[in-house]
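Student: Fold the following and give me the result.
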Amino acid sequence: MVGLLADLPRKNCWTIAEHAGNANPDGMQHLLARAVWDEDAVRDDIRDYVVEHLGDPEAVLVIDETGDLKKGTGTVGVQRQYTGTAGRIENAQVAVYLVYASSSGHAMIDRELYVPQAWIDDPQRCQAAGIPDQVGFATKPALATRMLSRALDAGVPTAWVTGDEVYGADPGLRATLEARSVGYVLAVACDHRVRIGGASHRADALLSKVPARAWQQVSAGKGAKGHRLYDWAFLRLDHDGPAPGQQAGQHWLMLRRNQRTGELAYYRCSTPRPVPLAILVRVAGRRWTIEERFQTGKGLVGLDQHQVRRWRSWYRWVTLSMLAHAFLVVAALAEHTRQPSPPGLSPLTCNEVQHLFAALVARPAVDLGHRLRWSAWRRRHQAHARTCHYRRQAAWQ
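Tutor: Here you go, the predicted model:
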């Protein structure tokens, strides 16, 4: 954990072991691959820790996926697939995360690795990567539904769920939330179809039904450069009562318009009770918190820097990274609560807490002999790996 919070150029078993003063990375690799501990129980502890400090009945659960670019084909879940990390199709590993976001802060509380259908159809490949036999193919919305159900079953205080078009388009996810009386504001594509007035329409075709006076300027929350101001409007979808299979409550199509470019975005909303437009806008604005958590998770605690190939090792590395990240979030909040920043100073951020922790606590071993022994160890390992690669290449030819 101290290694994950340290200022290391890369964070993996090698660099963390060297930082800790170990003679080799065997202990760190054993921790991730073979040691007896329950990574799912630790995940639950992280969730309880976050809720203890950030808990709010009006909190928002945010779902999204992120990709880690990888080489080769042996790392669990890797294939050529679209990832927003690169903005194109790349060889990548994709996972879905759940963030708990309240007015006090936001942190990751759950994770699921996306395993493509091509992997599930190849049992030998799954066995080589340590994927349990009971794991079948699940879409990203199905993984998100699994995590949301886990959080709600555990009594996590929340009133809302938000996510992007991948999740807004999934009727199963929406139905699960409606059955639990949890409100949602989920983005949908322009060609997403909704029922209004007894007929089905594309979302963008309903723009003509919005009168000019219906648009309101509302802030979606504070950004780095001030309030994120957009024009918003919404249309009631259930004037004639809930659609077949739809739970009671209020259902809306919300539209967002960029004031400068005129670009439009669409959201399906469900509320178990009437709420003002400003509340729905606030929930929609919370979706960007998960992008911030991905950025800080990868940049500060090595969320994507693992060099593990197998199922269990991936879950363990990511879980420990989430714990390190949660510590930064809670530490920043605790310091601000204990001693608010004086005028002229911005509050402590996760970045600043990590910087201070690395400088004051996570100090590496500085013995010259230790550094030289690690240099020799790395060179021996690299030479052995290169020889193995050449032998394997010759065998293929």
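
Student: name the helices or strands packed onto the strand or helix carrying H106?
Tutor: Here H106 sits within strand 105-113, counting by DSSP states H and E. With contacts defined as 3 or more Cβ pairs under 8 Å, 6 or more residues apart in numbering; DSSP states H and E, strand 105-113 has these neighbours: helix 39-54, strand 88-102, helix 140-153, helix 288-300, helix 311-338. The C-beta positions use only the backbone N, C-alpha and C, and glycine is treated the same way.

Student: which stretch among these comes nearest H251?
Tutor: Nearest of those to H251, taken as Cβ to Cβ: helix 140-153 at 18.5 Å.

Student: Now do that closest one: everything it contacts.
Tutor: 47, 61, 63, 65, 94, 96, 98, 100, 109-112, 114, 138, 158, 161, 163, 166-167, 169-170, 172-173, 176-177, 180, 182 (Cβ atoms under 8 Å, 6 or more residues apart in numbering).

Student: related to what we said a few turns ago, any chance of the helices and strands packed on strand 105-113 in JSON lines, plus distance to A205, mean neighbour count and mean pLDDT?
Tutor: Putting the helices and strands packed on strand 105-113 into JSON lines (distance: least, Cβ to Cβ, whole Å; neighbours: other Cβ atoms under 10 Å; pLDDT from 0 to 100) gives the following:
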{"stretch": "helix 39-54", "distance to A205": "40", "mean neighbour count": "17", "mean pLDDT": "97"}
{"stretch": "strand 88-102", "distance to A205": "30", "mean neighbour count": "21", "mean pLDDT": "93"}
{"stretch": "helix 140-153", "distance to A205": "24", "mean neighbour count": "19", "mean pLDDT": "97"}
{"stretch": "helix 288-300", "distance to A205": "27", "mean neighbour count": "19", "mean pLDDT": "91"}
{"stretch": "helix 311-338", "distance to A205": "41", "mean neighbour count": "20", "mean pLDDT": "94"}
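
Student: and the ones you listed as JSON lines, adding distance to Q354?
Tutor: Shown next, in JSON lines, are these (distance: least, Cβ to Cβ, whole Å):
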{"stretch": "helix 39-54", "distance to Q354": "17"}
{"stretch": "strand 88-102", "distance to Q354": "18"}
{"stretch": "helix 140-153", "distance to Q354": "26"}
{"stretch": "helix 288-300", "distance to Q354": "5"}
{"stretch": "helix 311-338", "distance to Q354": "6"}
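
Student: which outside residues touch stretch 197-217?
Tutor: Taking Cβ under 8 Å, 6+ apart as the rule, stretch 197-217 contacts 188-196, 229-233, 235, 239-240, 253, 255, 257, 259, 264, 266, 277.

Student: Now do the buried residues in it.
Tutor: 201, 203, 206, 215 (16 or more other Cβ atoms under 10 Å).

Student: Closest to D367 out of those?
Tutor: A203 (63.0 Å).

Student: State the pLDDT value of the closest one.
Tutor: A203 is assigned 93 on the pLDDT scale.
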